[in-house]
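In: curious how this folds, go ahead:
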Amino acid sequence: MKRVEYNAFNTFIYLLGCVIIALGVVFVVRSELGTSPWDTLHVAIAMTTTLTLGQAVIIVALVLTTIIIAIKKQIEYMMMALPIMLVGELIDVFDLLVFVNFHPDQAWIRLLLFTSAVLIMPLGGALLIVSSYPAGVFDELMFTIMTILKTSKMITVRILTDMVPALIAVTLTFSTLGHRGSLEWGTIVFVVAVGPLIKQYLKIIRRHFMKMNKYIDHTYLKAFGTKDDINDLLEEAITHDFKSVCVNPTWVQYAAESLKRSDVLVCTVIGFPLGASSTKTKVYETEDALRNGADEIDMVLNVGWVKEGRFDEVRDEIKAIKDVCQNNVLKVILETCYLANEEIKLASQAAFEAGADFVKTSTGFGTGGATLEAVKIMADVAQGRGVKASGGVKTREDFDIMVEGGATRIGTSSGVSLMKGETSNEDY
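Out: Next comes the predicted model:
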């Protein structure tokens with residue numbers, strides 16, 4: 001799990017997201033036109049026991065979280081249960097207090113409720129993702145299953161994780177009540193519509209409501225960098241309140257000490273720039289960087305392994321480094337200029353299956369940098385996780401194109417020029 005950054009803005013959109021999801025659940029249940037697959041299970045439990053709908057939501061979330069913790073062997077994953085527990089409590093507030101006597105018979109009102117739920121529940125999910133607070137127990141379950149099955153077929157696993165709760169729900173309600181519960185045609189609508197809607201909401205929210213400076217990893221990775229160069233970088237990062245500075249490992253301790261009274265994070269690179277170091281070397285580099293104060297790790301994967309289709313080894317190496325990172329963010333540099341589109345997709349899937357928080361396009365030292373096509377492929381795989389576009393983002397237009405394509409972080413040495421709306425002459 002990635003490190004959580006608590007602030008007033010993130011707290012507001014996190015709570016707003018929980019409220020919207022809870023309201024959507026109550027709307028869709030009242031519509032009686034079909035709920036999402038997981039809500040089908042929640043409704044079935046509530047119908048066949050003395051539990052409220054909200055309590056059923058909380059219990060299912062806790063069970064899933066416990067399973068994930070047992071598999072991952074990381075107690076930090078307990079944090080994933082928090083948003084669902086909050087949503088569960090809010091569901092009971094809306095269900096038992098606000099809308100307790102609201103059971104419309106008119107078809108048009110029920111259809112309006114259902115349509116509203118389909119539109120607003122993905123918005124709530126997108127807000128949870130953007131907040132960076134704990135979210136996504138169902139998505140984490142999907143990625144855990146992918147890791148266990150050693151498969152990169154995300155759509156197949158998504159369908160599987162949706163079918164299982166629906167089948168359990170139907171079995172439960174049919175065996176005890178003689179009907180299929182809340183499984184209706186609307187359930188199919190949820191399966192088809194929610195994913196694409198979340199992605200569209202994410203684009204809109206990130207493009208229009210997130211501050212530009214907090215996208216930027218202000219970068220200096222040149223071999224001939226001096227202390228004066230790093231001091232300039234740090235001063236610029238503090239002035240513009242960038243998300244992080246990205247420096248070579250030799251400067252991590254100095255940067256961490258210099259930035260300790262700011263909100264700017266320290267990012268460093270591992271296996272840089274070729275990715276051809278041994279896994280043991282990369283693991284040691286990571287351990288050393290974290291000891292020295294690094295907050296985020298950008299590792300270069302073994303590009304040769306990707307070209308040869310050795311994705312088990314790619315996953316194993318990334319997992320070994322993520323095990324060291326634990327709560328620190330891990331970004332995996334693909335060096336997309338050397339990869340075909342299918343290789344970019346498969347490498348991204350392998351990275352996320354291994355526990356990476358981001359995939360990143362480039363080192364800036366290859367034959368090319370970030371492209372819109374590569375970013376879109378990576379964003380499609382990311383499903384709300386991080387995508388970092390780096391290399392060649394020199395103008396505000398470049399920045400806007402990458403963010404619109406799905407980038408959630410920008411690696412650039414042109415951060416100051418971007419903030420001023422100028423064109424940079426930097427080569428990274």
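In: excluding covalently adjacent residues, which one is nearest to residue 96?
Out: residue 52 (6.7 Å; Cβ to Cβ, 6 or more residues apart in numbering). Just so you know, the C-beta spots here come from the backbone N, C-alpha and C atoms, and that holds for glycine as well.
In: burial of the one you found, as a residue count?
Out: 18 (other Cβ atoms under 10 Å).
In: hmm, it is touching residue 42, no?
Out: No: the pair residue 52 / residue 42 is not scored as a contact, 10.0 Å apart, by Cβ atoms under 8 Å.
In: domain ranges for the protein?
Out: Recorded structural domains for the chain (assignment: automatic domain parsing) are 8-206, 212-420.
In: return the helix or strand in the protein with minimum mean pLDDT.
Out: helix 137-149 (a mean of 75; mean pLDDT, DSSP states H and E).
In: who touches the spatially most central residue of the chain in this structure?
Out: Centroid-nearest residue in the chain, with Cα atoms, centre = their mean: residue 385, separated by 2.3 Å. Residue 385 makes contact with 352, 356-359 under the criterion Cβ atoms under 8 Å, 6 or more residues apart in numbering.
In: among these, which ones are in helices?
Out: When DSSP state H defines the helices, the subset of the contacts of residue 385 inside them is residue 352.
In: what is the nearest of the contacts of residue 385 to residue 230?
Out: Among those, residue 358 lies closest to residue 230 (Cβ to Cβ), at 23.4 Å.
In: OK, contacts around residue 75?
Out: Applying Cβ under 8 Å, 6+ apart to residue 75 gives the contacts residue 69.
In: and if you look at residue 295?
Out: Counting by Cβ under 8 Å, 6+ apart, residue 295 touches 3, 244, 265-267, 328-329.
In: do you know how far it is from residue 256?
Out: Applying Cβ to Cβ, to the nearest Å, the value for residue 295 to residue 256 is 8 Å.
In: next: residue 299.
Out: For residue 299, the distance to residue 256 equals 18 Å [Cβ to Cβ].
In: tell me which of those two has more neighbours.
Out: residue 299 (27 against 19).
In: my guess is that one contacts residue 329. True?
Out: No: applying Cβ under 8 Å as the test, residue 299 and residue 329 come out as separate, 11.2 Å apart.
In: residue contacts, the residue nearest to residue 96?
Out: Applying Cβ under 8 Å, 6+ apart to residue 52 gives the contacts 46, 92, 95-96.
In: same thing with residue 165?
Out: By Cβ under 8 Å, 6+ apart, residue 165 lies in contact with 37-38, 40-41, 60.
In: swap in residue 400?
Out: Taking Cβ under 8 Å, 6+ apart as the contact definition, residue 400 lies against residue 207.
In: was I right to think residue 317 contacts residue 279?
Out: Yes: if you go by Cβ under 8 Å, residue 317 and residue 279 touch, sitting 4.6 Å apart.
In: these two: which is more packed in?
Out: With neighbours defined as other Cβ under 10 Å, residue 317 and residue 279 compare such that residue 317 has more, 26 against 16.
In: list the contacts for the more buried one?
Out: Contacts of residue 317 were listed using Cβ under 8 Å, 6+ apart, and they are 279, 282, 301-302, 305, 354.
In: that one is in what secondary structure piece?
Out: helix 311-325 (DSSP states H and E).
In: what's the average pLDDT for that helix?
Out: For helix 311-325, the mean per-residue pLDDT is 95.
In: of all the residues in it, which ones are buried?
Out: Within helix 311-325, the residues that count as buried by 16 or more other Cβ atoms under 10 Å are 311, 313-315, 317-319, 321-325.
In: over to stretch 389-398?
Out: Across stretch 389-398, burial judged by 16+ other Cβ under 10 Å covers 389-396, 398.
In: same thing with stretch 21-37?
Out: Buried-residue list, stretch 21-37, by 16+ other Cβ under 10 Å: 21-31, 33-37.
In: mind saving the C-alpha coords of that stretch as PDB?
Out: Provided in PDB are the C-alpha atoms of stretch 21-37 (Å, rounded to 0.1, in the frame of the first residue of the first chain):
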ATOM      1  CA  ILE A  21     -21.400   6.000  -2.800                       C
ATOM      2  CA  ALA A  22     -23.700   5.400   0.200                       C
ATOM      3  CA  LEU A  23     -26.400   7.600  -1.300                       C
ATOM      4  CA  GLY A  24     -26.000   5.700  -4.600                       C
ATOM      5  CA  VAL A  25     -26.400   2.300  -2.900                       C
ATOM      6  CA  VAL A  26     -29.600   3.400  -1.200                       C
ATOM      7  CA  PHE A  27     -31.000   4.800  -4.500                       C
ATOM      8  CA  VAL A  28     -30.300   1.700  -6.400                       C
ATOM      9  CA  VAL A  29     -31.800  -0.600  -3.700                       C
ATOM     10  CA  ARG A  30     -34.900   1.600  -3.600                       C
ATOM     11  CA  SER A  31     -35.200   1.400  -7.400                       C
ATOM     12  CA  GLU A  32     -35.500  -2.400  -7.300                       C
ATOM     13  CA  LEU A  33     -34.000  -2.600 -10.800                       C
ATOM     14  CA  GLY A  34     -30.800  -4.400  -9.900                       C
ATOM     15  CA  THR A  35     -27.700  -3.600  -7.900                       C
ATOM     16  CA  SER A  36     -24.000  -3.900  -8.500                       C
ATOM     17  CA  PRO A  37     -22.700  -7.500  -8.000                       C
END
